[in-house]
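> missing the sequence, but the structure's below:
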């Protein structure tokens, strides 16, 4: 069951990902509590989780700082995500329920439509939903907990450098993965996951001029 701290985590993570709280921004626990209208105890718990995911840094007696985007660290993150995503999607392909498979098929189509219409907000919302369903299908809390902040970092990078990205291409690669899971093809799901990460690495290098 979701707690108030979970709700705070979701809201602050979204603020960081969408750059409402930009990289390098500094804020206080009390200021954030007032801003979102929730007491300091759940805010403190959420910030500890965000810090463990390297989305924020807590500096004693100074405040909370949103982490910068470091390209070398980000490329290392993608290496880690590649390994964990592969495990999760293969397990999801084997374990998904009929209802989950139906929704994954729907999401594959919806993400491509959003990309065609250049609707980044809808694309990102669908991407979050897809990740949540894959987590449910896989039923591996260790992989899910490790991956959540990595996915958040990836979405933030996209928001920051989306001008250099190819949203339709990204949608095609996401759809390939979701359809493979929906069809129960664990080998194809793993291959599609690797291909998607390969695109993200290429996108990162292009965005940063590497």
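Thanks, I have it. What you see is a predicted model; the values in this text were computed from it and never measured.

> From now on I want contacts and neighbour counts done on CA atoms only, so please keep to that.
Will do.

> Could you grab the helix/strand/coil label for the most far-flung residue of the chain relative to its centre?
Using CA atoms, centre = their mean, the residue of the chain lying farthest from its centre is residue 61. It sits 30.1 Å away. Assigned state for residue 61: coil (three-state reduction, DSSP: H, G, I helix; E, B strand; the rest coil).

> Got the phi and psi for it?
With angles defined as degrees, to the nearest 10, residue 61 shows backbone torsions of phi 70, psi 10.

> any idea how far it lies from residue 168?
The spacing between residue 61 and residue 168, counted by CA to CA, to the nearest Å, is 45 Å.

> the strands in the protein, which residues?
Chain-ordered strands for the chain, with DSSP state E as the definition, fall at 26-27, 56-59, 63-66.

> Please tabulate those strands in TSV and include mean pLDDT and mean neighbour count as additional columns.
Putting the strands of the chain into TSV (pLDDT from 0 to 100; neighbours: other CA atoms under 10 Å) gives the following:
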stretch	mean pLDDT	mean neighbour count
strand 26-27	92	16
strand 56-59	93	18
strand 63-66	94	19
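
> Do you know the pLDDT at residue 23?
Residue 23 carries a pLDDT score of 95 in this model.

> need the longest helix for this protein.
helix 71-95 (DSSP state H).

> how much space between the nearest residue to residue 21 once chain neighbours are set aside and residue 159?
Across the structure, with CA to CA, 6 or more residues apart in numbering as the measure, the residue nearest residue 21 apart from its sequence neighbours is residue 15 (5.5 Å). Distance of residue 15 to residue 159, given as CA to CA: 11 Å.

> residues contacting the residue farthest from the centre of the chain?
Contacts for residue 61 were tallied using CA atoms under 8 Å, 6 or more residues apart in numbering; there are none.
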